[in-house]
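only geometry, no sequence info:
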């Protein structure tokens, strides 16, 4: 515990120099702008920024990416409040109460509340990150191939389930498709080039960054150009600093949303949008002012924004301790860490013990930068929303192309970006979530190696896959996730709950 | 959506079948004494089977929802193609494909990027029915944006990140 505080203090001191603070300010501000602009998501911002920072020292590059991530998730609340269009999918729940507040002439107040909620959520998540990452990391040290295999399967199933709540089947298809993509190219055991059809480039595999830039960048460009033009509503922005009374009044909601956001963030591949919706839903159920929800409830706005920003540090917990991303932008961060030679995962506490606390310090700096920048220059920044998409999208595509090319200097990566952009567009049009595909591309190699390694260890026996305690827990969760979505299970559950209620019902005398 | 699901499930079924066949054709290194459970085709084969099962479930579900009644007519296709949003999508796709796949590797980066940005903005902002002289500002703005984006990105990547541009 004490050792952790010392490491955190050292990491914080390391970043407290003019150059790093300058990087914190511009990257957080850029993140806020990227988040504000509908269509430019946090994932796209972090992916493009990865290509711009890959020549930097690891700590500096990851610091900039963290600032971009936290800034973008917060920044999306601006357009949600002012335009009723979420800047990033994470801010969809913010629209429900943020925009009605703006229509009531309280746009400044709504922005202030969103900023404070995001700040407190991010801060809460940061404490959870500092506390749970070493703890989970120590548990993960006992993981063997069997557990890693089930962890990958669990990640895909739960991610598919939560990112496609209406139709989990599509989420699972997307996830298993991602796992398949990861098997393209030379495999690690016998150096056989799978599905490469004699192509030298394909035998090197599908690189994550170009695929992600395609799925989140190019497909987004196509989507935005297809949609009708947005019109900025002229809202007056007055007082931005929130009232302390409002924050104290809703402290329970803030705390609850912080916990929910962090937990959802820690679930592989799920992400900030689900965190915000679940936080919002829980806040509505527990609220004494239910009737205000959807009509400009400050509590609803705080719940959504606290939840989505608490999710950011939460998503970093599995990244650092298990090398499994908690969200799509965290997946890019994971890839960026590998590019910079940092190997997150169970061995991080042994190989890079200071890195976890450096990430905690980065989160703290980014959170404070977001809070200060979020409450200043509000009126000036709103003008960014008036940039027409016809002028912005060609620039975005130019960055997608050069960003994909820059890492390995090969045209093939631009083609990968284009192909995955078209696949991503089709998936979105057909209502398939793209996050499980990205998670699949990341987990594919881990699943492939660990399944085969485990089968070699057991000489083809599958019994050990089902007898180890951690494996059993993961299998139980996988089965529960799949069976839980069937109509029969829901029927059984409702009958059982009715019977339980009958038993505990007070007898009338 | 059930029509789309029906077509997707057929495509996915064929795709999954192809994965299984190609996985079965992968070497098993039996002569080398390699552990049979470590062969390259085992994981893709397994994923192929899972995708096949999922595609069958999707197919059955879409058939139950009458997704097989595609009801395609030339009028419908014509209406879809002439739709404003479809037109915008197709123009964007063609411009991006032309730039990313064909132009970038044939002409210098700075010129290719400048042309792409210029034409992208012009195609979407230029009003052919209006007088050209009244749209001088649009043309000038497109040119300025194209110049700054192409030169700026080239300078940053070429000299700051030392990337050998395409």
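Received it, and whenever you're ready, just let me know what you need. Quantities reported herein were computed from a predicted structural model and do not represent experimental measurements.

What distance do you get for the residue most central in space within chain A to residue A:152?
Nearest residue to the geometric centre of chain A (Cα atoms, centre = their mean): residue A:327, 2.8 Å. Distance, residue A:327 to residue A:152, by Cβ to Cβ, to the nearest Å: 17 Å. Glycine gets a C-beta too; all of them are placed from N, C-alpha and C.

sorry, back to before: now do the residue nearest to the centre of chain A, the pLDDT please.
For residue A:327, the pLDDT comes out at 86.

The stretch 351-500 of chain A: helices as residue ranges?
Secondary structure of the stretch 351-500 of chain A, counting by DSSP state H, counting those that start in this stretch: helices at A:355-375, A:378-382, A:389-406, A:411-429, A:435-457, A:469-483, A:487-504.

check contacts around residue A:393.
A:39, A:221, A:224, A:225, B:92, B:120 (Cβ atoms under 8 Å, 6 or more residues apart in numbering or on different chains).

which one is residue A:202 nearest to, not counting chain neighbours?
Leaving aside its sequence neighbours, residue A:202 sits nearest to residue A:196 (Cβ to Cβ, 6 or more residues apart in numbering or on different chains; 4.0 Å).

Might one say that that neighbour is in contact with residue A:206?
No: applying Cβ atoms under 8 Å, one finds residue A:196 not in contact with residue A:206, separated by 10.6 Å.

contacting residues around residue A:430?
Applying Cβ under 8 Å, 6+ apart, the residues contacting residue A:430 are A:170, B:1, B:4, B:5, B:8.

name the element the fourth one belongs to?
If I follow you right, that is residue B:5. helix B:2-24 (DSSP states H and E).

if we can go back for a sec, for the contacts of residue A:430, name the two members farthest from one another.
Pairwise distances across the contacts of residue A:430 (Cβ to Cβ) peak at 10.8 Å, for the pair A:170 and B:4.

neighbour count winner among the two?
residue A:170 (23 against 14; other Cβ atoms under 10 Å in any protein chain shown).

helix, strand or coil for the more buried one?
For residue A:170, the assignment made with DSSP: H, G, I helix; E, B strand; the rest coil gives helix.

for residue A:193, phi and psi?
The phi and psi values for residue A:193, taken as degrees, to the nearest 10, are phi -80, psi 110.

Which pLDDT value belongs to it?
Confidence score, pLDDT, at residue A:193: 91.

go on, the one 3 residues further on?
The predicted local confidence for residue A:196 comes out at a pLDDT of 90.

Can you give me the distance of it to residue B:40?
In terms of Cβ to Cβ, residue A:196 sits 11 Å off from residue B:40.

And the two? Which one has more around it.
Between residue A:196 and residue B:40, counted using other Cβ under 10 Å, the more crowded position is residue B:40 (25 against 16).

is it true that that one touches residue A:189?
Yes: assessed by Cβ under 8 Å, residue B:40 is found in contact with residue A:189 at 7.4 Å.

can you give me the angle the lengthiest helix in chain A makes with helix A:355-375?
Looking across chain A with DSSP state H, the single longest helix is helix A:107-140. Orientation check (axes from the mean of the first three to the mean of the last three Cα atoms, to 10 degrees): helix A:107-140 against helix A:355-375 gives 170 degrees.

Now the residue nearest the centre of chain B: closest residue in space that isn't a chain neighbour?
Centroid-nearest residue in chain B, with Cα atoms, centre = their mean: residue B:93, separated by 7.7 Å. Excluding the flanking residues, the one nearest residue B:93 by Cβ to Cβ, 6+ apart is residue A:222, at 6.2 Å.

Downstream of the helix or strand containing that neighbour, the next helix or strand is which one?
If you go by DSSP H and E, residue A:222 is part of helix A:219-226. Reading on from helix A:219-226 to the C-terminus, the next helix or strand found by DSSP H and E is helix A:244-249.

Please spell out which residues along that following helix are buried.
Buried residues in helix A:244-249, counting neighbours by 16 or more other Cβ atoms under 10 Å in any protein chain shown, are found at A:246, A:247.

which residues make contact with that helix from outside it?
With Cβ under 8 Å, 6+ apart as the criterion, helix A:244-249 contacts A:113, A:116, A:120, A:254, A:298, A:302.

hmm, try it at 7 Å
A:113, A:116, A:298 (Cβ atoms under 7 Å, 6 or more residues apart in numbering or on different chains).

what do you get for stretch A:145-156?
By Cβ under 7 Å, 6+ apart, stretch A:145-156 touches A:175-176, A:179, A:268-269, A:322, A:324, A:436, A:439-440, A:443, A:446-447, A:450-451, A:453-454, A:457, A:464-465, A:468, A:470-471, A:474-475, A:477-478.

so what's residue B:68 scoring on pLDDT?
75.

Can you name the element that comes right after the helix or strand bottoming out on mean pLDDT in chain B?
Every helix and strand of chain B was ranked by mean pLDDT, DSSP states H and E. The lowest is helix B:74-82, at a mean of 79. Downstream of helix B:74-82, the next assigned helix or strand under DSSP H and E is helix B:84-97.

now the angle from that next one to helix A:219-226?
140 degrees.

so how far is helix B:84-97 off the chain centroid?
Centroid separation for helix B:84-97 versus its chain: 11 Å, with Cα atoms, centre = their mean, to the nearest Å.

So which elements touch that helix?
Counting by 3 or more Cβ pairs under 7 Å, 6 or more residues apart in numbering or on different chains; DSSP states H and E, the packing neighbours recorded for helix B:84-97 are helix A:219-226, helix B:109-125.

what about 8 Å?
When contacts are defined as 3 or more Cβ pairs under 8 Å, 6 or more residues apart in numbering or on different chains; DSSP states H and E, helix B:84-97 sits against helix A:219-226, helix A:389-406, helix A:411-429, helix B:74-82, helix B:109-125.

Dump these into TSV; add distance to residue B:49 as well.
Formatted as TSV, those follow (distance: least, Cβ to Cβ, whole Å):
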stretch	distance to residue B:49
helix A:219-226	28
helix A:389-406	32
helix A:411-429	22
helix B:74-82	36
helix B:109-125	43
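
shared neighbours of residue A:196 and residue A:206, anything?
A:184, A:185.

hang on, the earlier thing: pretty sure the residue nearest to the centre of chain B is touching residue A:219, no?
No: with contact defined as Cβ under 8 Å, residue B:93 does not count as touching residue A:219 (10.6 Å).
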